[in-house]
Structure formats: C-alpha cells, structure tokens
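Chemist: below are the sequence and a predicted model; questions follow.
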Amino acid sequence: MSASKAKKQLLESFSRTTDEIFSLNEFEELIDSKKKIRIKYGVDVTSPYLHIGHAVNLWMMRELQDLGHKVVFLIGDFTTQIGDPTGRNNTRPIIPQSEIDKNAEEFIRQAKMVLRFDDPDLLEVRRNSEWFSKYQLSEFLKLLSMVTHSRLISRDMFQRRIKNQEDIYLHEMIYPILQGYDSYVLESDLTIIGSDQLFNEMLGRFYQQRFGQKPQVIITTKITQGIDGKAKQSKSLDNYIGLGHSSRDKFGRCMKVPDELIMDYLKIYTKVPKEEISMIEKEVANDPMKWKKFLAEEIIKRYHDEASARSEREWFENTFSKKITPEDIPTIEVGGSQWIAIDLVNKYFDNSKSSSEVRRLFKQGAVSVNGENIPLFDANIAIVTGDVVKVGKRNWFKIKIVGN
C-alpha cells in the first residue's frame, strides 16, 4: 500500500472516534515524516478501572502500533499521590504507594486487552517518579515561573469550585504543570485523550515549545453518555461497560443502553463498517432490542471472541426471553433446612449488600424460591437440597444442605 493511501486510511479510521485534533496539519506532517511516532499514554492510577470509553483511545493507539509506532505507557505514580482534579468538585484523597503499585499492575492487565505489550519497539512503560522523585526545587520553581495563576485558575473545574465557594488546594493547581512536563521528558509526539484532559495536555505543548521541543499533537476523542443515558461512563456511577467485566456482564450492561444511544455506541465502540451502520440506522427504531443484542455481540467479539458473543446471546435469550433458569448457577452450602429469607439472601451476597438494599429486593418482588415469590424479608422458609433461589433479574443460586 502506498504511503498516501495508508495515511488516508488512517485518517478515515480515526475520524470515526475523533472529536478534535490540535492540529490536523501537524498530525499529517507527523505521519508524512515517516519517523517512529512516540505516543504518550498517561494514566492516573487512583482507580484501576478501564471502560470502553477509555478503550476508544487505546484502539487508536493500537492502530498506530500496528503501523510500527510506539506507545509510551506512563504510569503517573508520582502525580497519583497528588490526585488529578479533572472532573472533581472536591479534593481527591491521597493513596499509599503500595496501592498505587497494585493499581498500576491492574491497569496494565486491562490495557493488554487492546495494546501490544509483546514488543519493546512498540511499547515502553515509564513511571513519572523516575524524574519527579529526584527533581530539584530550584528547577521546579522555574517550571512554575513559566505559568501564570490566571491561566491555571481558568480551568473549568476550578471555576466551578470558586462559584460554589469550595476550596482549591495548591497541590491540585500544580497537577497540570506536572502532567504537561511529562510530555517534554517523554519527548511525546502525540497523545490521544478524552476532552477532559485537554487543558493538561495543552500545557504539555506549552512546555515542549518553551524547552525547544516540537510540540505534541493532541487528539481528543468522542465521549458518550453512560449506560444510564445520563453522565459519561464512570465506576462511581456504575454506568459503564468495563474492560475487566466478564463477557456476561458486558452483554447484560449493553442491554441497559438506552435506545437512543444504540447508534452512538455502534459507531464509537465497535468496528462495524460504516455502510452497515447506515443501514442499521434506518431500522433501529423498528426493533431496538434486536440491535441492542447485535451491539452487545459486537462489543464482546472485540474484547473476547465470537464464540463468547454467541454464547452470551444464547444465555441472555434463554434466561430473559424464554425464562429458562441457567444451568451454570452457583451452589451455596447451608446448614439446616429452616431459614429466615433475608439471612439466606445475605449468605449468597456474603453480607456485601446493606440491609436496606436486600430488603428493597423483597419489597420489589425480586426474590423467589423455585419460582414462588417470597414477599417478606423476615419470612420463615423451608428449603431442601436442589432448591433454586432467584434474587433480582440476574442472580440465581442452588441450595445444598450440609451437616445435620
């Protein structure tokens, strides 16, 4: 394939998930230069959960890896101790180094579902503690002297705090400076980010220029609402489809996607060809459930395999459409045949749910034994080995009585 055709193909592929490029001319020049592009991928490892929104950036990086370019996977172990204020209306808690190390390993495990870690020419892992832990105060003050207070305070989340009369701590204000300096140290040519990181990475361009380095190209990617149809995907809101979720959980979460978001999810989170998407767009309103299942299969194919996608669709249809109890439900060993209903459910959840959550399940009519509804949480129930208990829409367990 000719260089011009390869470039056109890459730009067309990226256009599907790109929001903005700073700038397109610089990106085209970077591709035309035929140099091995260094792609900065920085992660704050406060919470090690990657979802399919994060993976949009990873898939774009993977495409560049497949063309021979290198991803510099930057673990922000030093800056994580500060906490990125992005998207926060309050100060992040500081987490210990041991937790940072554990979270970093989990990040890498999930990122391996997309990025190539098998070739050092295509991926390099760095930690910003390598330079910041031994950085001289005098040098740091020089960095600070290059940026004005008004520039830092212009960040949208800081403006929201000022409006709400909430505190902004100085260590939060310097976070963008540290993230920006990372770009200079890594000699980043390109970074692919969510638009919420644009302020920080623009500081990266700023510092690179101040230190005589060619500024990195910044590509921001499209962001959708989460599966609740409200805020963007977030672990704290539990409205996300996680890379670490099982194929079954991914399928179930896809089923929660609002009908009006099916097309956005297909365009941004799958590799379904544009022509096919145009056809689906004409039909989706007539049978949204059909295309929601199709979406779920495509997402599972991307992160697992085709066999898993078929299997999860069959499981879903048998369980929810045909009302067939799944065969692969867990068995819970219990002592004795007489139980208070709520105690039995708590045993299944290993007391991980609050009393109010469990009681709500009974109130909603979501607990049954062998298909018979148990409306009262304090009901005395008689059970035998082999009984099947259903809790909520997606939880079943089989009883095995042990002991006397």
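Modeler: Arrived safely, thanks for sending.

Chemist: now name the helix or strand holding residue 256.
Modeler: Assigned by DSSP states H and E, residue 256 falls within no helix or strand.

Chemist: now the strands: where do they sit in this protein?
Modeler: Taking DSSP state E, the strands of the chain run over residues 18-22, 38-43, 70-75, 123-127, 190-194, 217-221, 331-335, 338-340, 367-369, 372-373, 380-382, 388-391, 395-402.

Chemist: for residue 227, which of the ones you listed is the nearest?
Modeler: Comparing those against residue 227 with Cβ to Cβ, the closest turns out to be strand 190-194 (17.3 Å). C-beta coordinates here come from the backbone N, C-alpha and C atoms, glycine included.

Chemist: check whether residue 235 really touches residue 47, as I assumed.
Modeler: Yes - in this structure residue 235 lies within contact range of residue 47 using Cβ atoms under 8 Å: 6.1 Å.

Chemist: quick revisit: residue 296: which of the strands of the chain is closest?
Modeler: With Cβ to Cβ, the closest approach to residue 296 among those belongs to strand 395-402: 19.1 Å.

Chemist: which strands and helices sit next to that closest one?
Modeler: Helices and strands touching strand 395-402, by 3 or more Cβ pairs under 8 Å, 6 or more residues apart in numbering; DSSP states H and E, are strand 331-335, strand 388-391.

Chemist: can you list the strands that the longest one pairs with?
Modeler: What it means is strand 331-335. Strand 331-335 pairs in its sheet with strand 395-402 (parallel), by DSSP bridges.

Chemist: got the CA positions of the partner strand in PDB?
Modeler: Provided in PDB are the C-alpha atoms of strand 395-402 (Å, rounded to 0.1, in the frame of the first residue of the first chain):
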ATOM      1  CA  ASN A 395     -28.800 -13.800  40.200                       C
ATOM      2  CA  TRP A 396     -29.600 -17.400  40.900                       C
ATOM      3  CA  PHE A 397     -28.200 -20.000  43.300                       C
ATOM      4  CA  LYS A 398     -28.800 -23.600  44.100                       C
ATOM      5  CA  ILE A 399     -29.200 -24.900  47.700                       C
ATOM      6  CA  LYS A 400     -27.100 -27.700  49.100                       C
ATOM      7  CA  ILE A 401     -27.800 -28.600  52.800                       C
ATOM      8  CA  VAL A 402     -24.700 -29.800  54.700                       C
END
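
Chemist: buried residues in that strand?
Modeler: 395, 396, 397, 399 (16 or more other Cβ atoms under 10 Å).

Chemist: could these go into JSON lines alongside distance to residue 240?
Modeler: Shown next, in JSON lines, are the buried residues of strand 395-402 (distance: Cβ to Cβ, whole Å):
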{"residue": "395", "distance to residue 240": "20"}
{"residue": "396", "distance to residue 240": "24"}
{"residue": "397", "distance to residue 240": "26"}
{"residue": "399", "distance to residue 240": "33"}
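
Chemist: out of the helices and strands packed on strand 395-402, the one nearest residue 9 is which?
Modeler: Comparing those by Cβ to Cβ, strand 388-391 comes nearest, at 49.6 Å.

Chemist: average pLDDT across that closest one?
Modeler: Averaging pLDDT along strand 388-391 gives 92.

Chemist: please name the strands paired to that strand in the sheet, noting orientation.
Modeler: Strands flanking strand 388-391 in the sheet, each with its direction: strand 367-369 (antiparallel), strand 395-402 (antiparallel) (DSSP bridges).

Chemist: out of these, which gets nearest to residue 351?
Modeler: strand 395-402 (14.8 Å).

Chemist: need the residues that contact the closest one.
Modeler: Applying Cβ atoms under 8 Å, 6 or more residues apart in numbering, the set of residues contacting strand 395-402 from outside is 325-326, 329-337, 348, 383-391.

Chemist: quick one on the thing from earlier: and the buried residues of strand 395-402, which two are the farthest apart?
Modeler: The farthest-apart pair in the buried residues of strand 395-402, when distances are taken by Cβ to Cβ, is 395 and 399, at 13.9 Å.

Chemist: on that earlier part again, reformat the strands of the chain as CSV; add distance to residue 294.
Modeler: Shown next, in CSV, are the strands of the chain (distance: least, Cβ to Cβ, whole Å):
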stretch, distance to residue 294
strand 18-22, 24
strand 38-43, 30
strand 70-75, 31
strand 123-127, 33
strand 190-194, 26
strand 217-221, 23
strand 331-335, 34
strand 338-340, 42
strand 367-369, 31
strand 372-373, 33
strand 380-382, 41
strand 388-391, 27
strand 395-402, 26
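
Chemist: out of these, which comes closest to residue 228?
Modeler: Proximity to residue 228, assessed across the strands of the chain by Cβ to Cβ, is greatest for strand 190-194 (18.4 Å).

Chemist: buried set for stretch 200-214?
Modeler: With burial defined by 16+ other Cβ under 10 Å, the residues of stretch 200-214 counted as buried are 200, 201, 202, 203, 204, 205, 206, 207, 208, 213.
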